[in-house]
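Novice: sequence? don't have it. structure:
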């Protein structure tokens, strides 16, 4: 059984980072998500929001971003919608963890912490992207939606 998706739409502002992370943490707790999975989802939320604000929206605070969480007994799916130019996730190199540089760690963390990571443009009629991350749930977490 898949739970109904839960979403929030926020203005694209750096100060919304804590709101986004708190939202994800609260929804995970309400769905009795295990601590490790919750922590991973909160970390990748921070990275995704930072990238959306800085790169996709280029600090345009009037732009909007949507976060959606959906749970099934097997999966936690975290989706972000932005209003930025099309982004090619495959263009981001897989950096070695020890390489010293400023920035460039967000996508690395998403790839490392999540089981699936995709980014698709919304289409020619609508600007924006859909960043989708999937985390498989531990077998003991396979319970009904609550």
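Specialist: Arrived safely, thanks for sending. Please read these numbers as outputs of a predicted model, since none were measured by experiment. Numbering: from 1, shown residues only.
Novice: buried set for the helix ranked longest in the chain?
Specialist: Determined from DSSP state H, the single longest helix within the chain is helix 35-51. Within helix 35-51, the residues that count as buried by 16 or more other C-beta atoms under 10 Å are 37-38, 40-49, 51. Every C-beta, even on glycine, is put in place using the N, C-alpha and C of the backbone.
Novice: hang on, residue 107 is in a helix, isn't it?
Specialist: Yes: counting by DSSP: H, G, I helix; E, B strand; the rest coil, residue 107 is part of a helix.
Novice: So it sits against residue 92, correct?
Specialist: Yes: contact criterion C-beta atoms under 8 Å: residue 107 and residue 92 qualify, at 4.4 Å.
Novice: These two: which is more packed in?
Specialist: Under the criterion of other C-beta atoms under 10 Å, the comparison of residue 107 against residue 92 puts residue 107 first, with 21 against 16.
Novice: Tell me the pLDDT of that one.
Specialist: Per-residue pLDDT puts residue 107 at 89.
Novice: and what of residue 14?
Specialist: Looking at residue 14, the pLDDT reads 92.
Novice: Phi, psi for it please.
Specialist: Phi and psi for residue 14, reported as degrees, to the nearest 10, are phi -50, psi -30.
Novice: Check which helix or strand residue 65 maps to.
Specialist: strand 64-71 (DSSP states H and E).
Novice: tell me what that strand is packed against?
Specialist: When contacts are defined as 3 or more C-beta pairs under 8 Å, 6 or more residues apart in numbering; DSSP states H and E, strand 64-71 sits against strand 6-11, helix 17-30, helix 35-51, strand 75-81.
Novice: rerun that using 10 Å as the cut-off
Specialist: Under the contact criterion of 3 or more C-beta pairs under 10 Å, 6 or more residues apart in numbering; DSSP states H and E, strand 64-71 touches strand 6-11, helix 17-30, helix 35-51, strand 75-81, strand 129-136.
Novice: Pull the contacting residues for the spatially most central residue of the chain.
Specialist: Most central in the chain under C-alpha atoms, centre = their mean is residue 45, positioned 4.4 Å from the mean C-alpha point. For residue 45, the contact set (C-beta atoms under 10 Å, 6 or more residues apart in numbering) comprises 17, 20-25, 67, 69, 78, 80, 110, 133.
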